[in-house]
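Participant: structure of the sequence below:
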Amino acid sequence: MRTASSEANEKSKLDDAEAVGKLHSGWFAGAASNDCVAAWQRHLHGLSDLVEDAAAALTKAMDSQISEDVSLAQRLRAQADWLEDA
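Facilitator: Have a look, this model is predicted:
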């Protein structure tokens, strides 16, 4: 998740609205458009950060659960071995 987010942050740049507007006759885009683009990018990056945090928390919870499952399985095997020996 972190790798995908990092790669997306590097690739997902919206064009400068004013610069694009100057390249196309009949189009006009100014500072207000650039402000909207910047605000949208900040919003998307904020959402990406939330997803990263959620993925990290989920990974930690899964690791804990797997560790607990392994420990329980080891205890059950040990008890089964003890019962066989008794």
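Participant: CA only for contacts and neighbour counts going forward, please
Facilitator: Fine.
Participant: what pLDDT does S5 get?
Facilitator: Note for S5: predicted pLDDT of 64.
Participant: got it, and Q65?
Facilitator: 90.
Participant: near it, how many residues? Count them for me, please.
Facilitator: 12 (other CA atoms under 10 Å).
Participant: what of N34?
Facilitator: 17.
Participant: off-centre distance for the one helix or strand it maps to?
Facilitator: Per DSSP states H and E, N34 falls inside helix 31-85. Averaging C-alpha positions (CA atoms, centre = their mean, to the nearest Å) puts helix 31-85 11 Å from its chain's average.
Participant: just checking, what packs against it?
Facilitator: Counting contacts by 3 or more CA pairs under 8 Å, 6 or more residues apart in numbering; DSSP states H and E, helix 31-85 is packed against helix 2-11, helix 17-23.
Participant: and the ones you listed, which one's lowest on average pLDDT?
Facilitator: With a mean of 65, helix 2-11 has the lowest mean pLDDT of the helices and strands packed on helix 31-85.
Participant: helices and strands of this protein: which one has the lowest mean pLDDT?
Facilitator: helix 2-11 (a mean of 65; mean pLDDT, DSSP states H and E).
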